[in-house]
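Enquirer: What shape does this take:
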Amino acid sequence: MKIPFMSGKSETAIDPVCDMSVDTGNPGGGAATHAGEVYYFCGPGCRVAFEKDPEDYLSGEKSIEM
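Expert: The predicted structure follows:
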């Protein structure tokens, strides 16, 4: 069995719904693509909210406080 190479480097992104830092290698809420960009989420609830209204979250009109 081959073990995949892991660089050990972890990148982070900001969840566009709640502004939490998210590990892009293992995002708790998964990821979604909008307008050709990939967004990462801290939890499934943030991803679902984003998928319903991405433009409002990206513009800052909507946000969720954690």
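
Enquirer: From here on, just use CA atoms for contacts and neighbour counts.
Expert: OK.

Enquirer: Which residues does stretch 24-41 contact?
Expert: 10-17, 22, 42-47, 51, 54 (C-alpha atoms under 8 Å, 6 or more residues apart in numbering).

Enquirer: What's the ChimeraX syntax to select whichever of those are buried?
Expert: Remark: buried members of the contacts of stretch 24-41, expressed as a ChimeraX selection using 16 or more other C-alpha atoms under 10 Å:
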select :13,14,15,16,17,22,42,43,46,47,54
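
Enquirer: chain center to stretch 54-63: distance?
Expert: On the basis of C-alpha atoms, centre = their mean, to the nearest Å, stretch 54-63 sits 14 Å off its chain's mean C-alpha point.

Enquirer: how long is that stretch from one end to the other?
Expert: End-to-end span of stretch 54-63 (C-alpha to C-alpha, to the nearest Å): 11 Å.

Enquirer: Show me what the residue nearest the centre of the chain bridges to in the sheet.
Expert: In the chain, the C-alpha nearest the mean C-alpha coordinate belongs to Tyr40, at 1.3 Å (C-alpha atoms, centre = their mean). Counting by DSSP bridges, Tyr40 is bridged to Ala31.

Enquirer: Just the mean pLDDT for the lengthiest helix in the chain, thanks.
Expert: If you go by DSSP state H, the chain has its longest helix at helix 44-52. The pLDDT scores in helix 44-52 average 97.

Enquirer: Show me what it is packed up against.
Expert: Applying 3 or more C-alpha pairs under 8 Å, 6 or more residues apart in numbering; DSSP states H and E, one finds that helix 44-52 makes contact with strand 31-34.
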